[in-house]
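A.B. asks: I would like the atomic coordinates for the input below:
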Amino acid sequence: MEENYVIGVDFGSDSVRCLIVNAANGYEIASAVEHYPRWTAGKYCDPGTNCYRQHPLDYLESLETVIRRALAQCGHLIATKIQAISFDTTASTPVLTDRYGTPLALLPRHAENPDAMFMLWKDHSAVREADEINELTHRWKTDYTKYSGGIYSCEWVWAKVLHALRAAPSLRNDAWAWVEHCDWISGILTGNTASKTMLRSRCAAGHKAMWHESWGGLPSQEFLTALDPLLDGFREHLYTKTHTNGTYAGTLTREWAARLSLREATKVGLGAIDCHIGAIGAQITPNVLVKTIGTSTCDILTVHPEDMQNRVIQGICGQVDGSVTPGHLGLEAGQSAFGDIYAWFKGLIAWPLEYICGNTPLSEEAIIPKLSEQAARLEPTESAPIALDWMNGRRTPDANPRVQGAISGITLATTAPMLFRALAEATAFGSRAINERFTREQIRIEDVIAIGGIAHKSPLVMQIMADVSGLPIKVAASSQTCALGAAMCAAVAGGIHASIREAQQAMGHGFATVYYPDPCHRKVYNALYEKYLKIGHFFDQN
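C.D. replies: Sure thing, here's the model as predicted:
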């Protein structure tokens, strides 16, 4: 049997990762990572106003570099046998486009305007616009947030593009439509970027753009115009049909085949959201919860439609038919900050090293491992400090970008490792709150799988999560599960495997380890969790 290879590309918050995989068995042939140059330089972002923008050239240039670098590792023979490529990206990460589907930042007159760039998932500059969407849709004849947990988030596409249109009048004459990062990448590689013909991901549309078949796709133009006349005409310029993961989008254009050193016959799969594709890579099956644990978290469950009995779950990030695997409802939840909280604390600790000590006696990269080492020696106690993990607002349950983090119970005896452990416990408490929302809504969680950098790098955090949840947590064996999931989708789009499930069975890597809850720690954490809920309730009401 002739060997076939596929490429999975994972666009993260800071970098893009490429994985070249044997489609027959999932064996990883080569991998590479490339950081976005403009993002790394700190351009176009203002953390003080929760503004996080990325230039489209960062994506294109880094994609070219990372694929060429991975190909150089595996040799010409394998490169000639690559059959397909597919992608995942963060979301919602949209950008305004002109009538030809070109992101406005690629037009010379808007090249340095942050509002013309992709608005990264964690950009929270559109809080006001999200409030207006929620207020209008809850009194509209159709509640377009019905399948989005009942709350539209400032992290999602309609709030962001409206904010950009309001903030930057100079964009309005050129702004014709918008596109999600995952759709644009597939479109540009296949030469199909026109807003009416570009293929659109069911995953991104359903979870982030209020798309649903029951009301004919996207929200009506009447609704959008009532929200703001700046959106007049957008509905007509956009799409009605969406496609599930593994969909064939076309073949590489001559230009992109040359830029990537691949054959023009290479098939391109439609992109989708990273955590959903990561769930595929983790071999998700119905009622298995896959937690992507990184700078934030995204929790994915799939269920059989008949198990839902037409119920709608409140306070999550959407329930979308086919957003993960065709034929199943994909349920999404998550935390707006997870690893970002640890990074914040690291920066706090590192400040005197950088600004007072000059030549730092301890590198910043060593701070979290040292804190983790010391925190692991601490036994959980009911008198320990309690933290609230809302430093970047709350995504689930019940999205609220305005709430803030807190730390309670500090004494003169509190040490840095104790605070670090409290932050780790807070992120685990936030995770448990998501689990409890699912179970309270009668959604069974039969198994838990963790993927992402923290799942592989921090035994401390993973053990705390198991202790707090009371559930065993399996860690997927692949350290590049999102890219592996994209490779599985590429294998389906390329016709190598007939279905996502078949690709999972052939290419899956299984699990590296399992963390089991400690019954003694569980009792303490039950008490601490009740304190966490009370503190959260206090700050939610004030």
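A.B. asks: Wait, residue 375 touches residue 421, no?
C.D. replies: Yes: at 4.0 Å, residue 375 and residue 421 qualify as touching, with contact defined as Cβ atoms under 8 Å. Heads up, the C-betas are built off the backbone N, CA and C, glycines and all.
A.B. asks: residues shared between the contacts of these two?
C.D. replies: When contacts are counted by Cβ atoms under 8 Å, 6 or more residues apart in numbering, residue 375 and residue 421 have residue 460 as shared neighbours.
A.B. asks: for the nearest residue to residue 391 once chain neighbours are set aside, what are its contacts?
C.D. replies: In this structure, residue 391 finds its nearest non-sequential neighbour in residue 405, 3.8 Å apart by Cβ to Cβ, 6 or more residues apart in numbering. Taking Cβ under 8 Å, 6+ apart as the contact definition, residue 405 lies against 337, 341, 387-391, 426.
A.B. asks: Let me know the closest of these to residue 500.
C.D. replies: When the contacts of residue 405 are compared for distance to residue 500 (Cβ to Cβ), residue 337 wins out at 30.4 Å.
A.B. asks: That closest one: neighbouring residues, count only.
C.D. replies: Look at residue 337: counted by other Cβ atoms under 10 Å, it has 24 neighbours.
A.B. asks: cool, residue 124 as well?
C.D. replies: Summarising burial for residue 124: neighbours were counted as other Cβ under 10 Å, giving 21.
A.B. asks: quick one, what contacts it?
C.D. replies: Residues near residue 124 by Cβ under 8 Å, 6+ apart: 50, 154-155, 392-393, 401.
A.B. asks: Relative to residue 154, how far out is it?
C.D. replies: The span separating residue 124 from residue 154 equals 5 Å under the rule Cβ to Cβ, to the nearest Å.
A.B. asks: Ok, residue 133 next?
C.D. replies: When Cβ to Cβ is applied, the distance between residue 133 and residue 154 equals 9 Å.
A.B. asks: now residue 330
C.D. replies: Using Cβ to Cβ, one gets 22 Å for the distance from residue 330 to residue 154.
A.B. asks: Just the ones in helices from the contacts of residue 405, please.
C.D. replies: Filtering these for membership in helices, criterion DSSP state H, returns 341, 426.
A.B. asks: Just the residues contacting the helix or strand hosting residue 306, thanks.
C.D. replies: Secondary structure here is read from DSSP states H and E; on that basis residue 306 sits in helix 305-308. Contacts of helix 305-308 with the rest of the structure, by Cβ under 8 Å, 6+ apart, involve 286, 319, 321, 328-329, 443.
A.B. asks: For the buried ones among those residues, write the corresponding ChimeraX selection.
C.D. replies: Selecting only the buried members of the contacts of helix 305-308 in ChimeraX, with burial defined as 16 or more other Cβ atoms under 10 Å, works like this:
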select :319,321,328,329,443
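A.B. asks: so which of the contacts of helix 305-308 would you say is closest to residue 218?
C.D. replies: For the contacts of helix 305-308, the minimum distance to residue 218 (Cβ to Cβ) is 15.8 Å, reached by residue 321.
A.B. asks: Find the nearest non-adjacent residue to that closest one, please.
C.D. replies: Among residues not flanking residue 321 along the chain, residue 329 sits closest, at 5.6 Å (Cβ to Cβ, 6+ apart).
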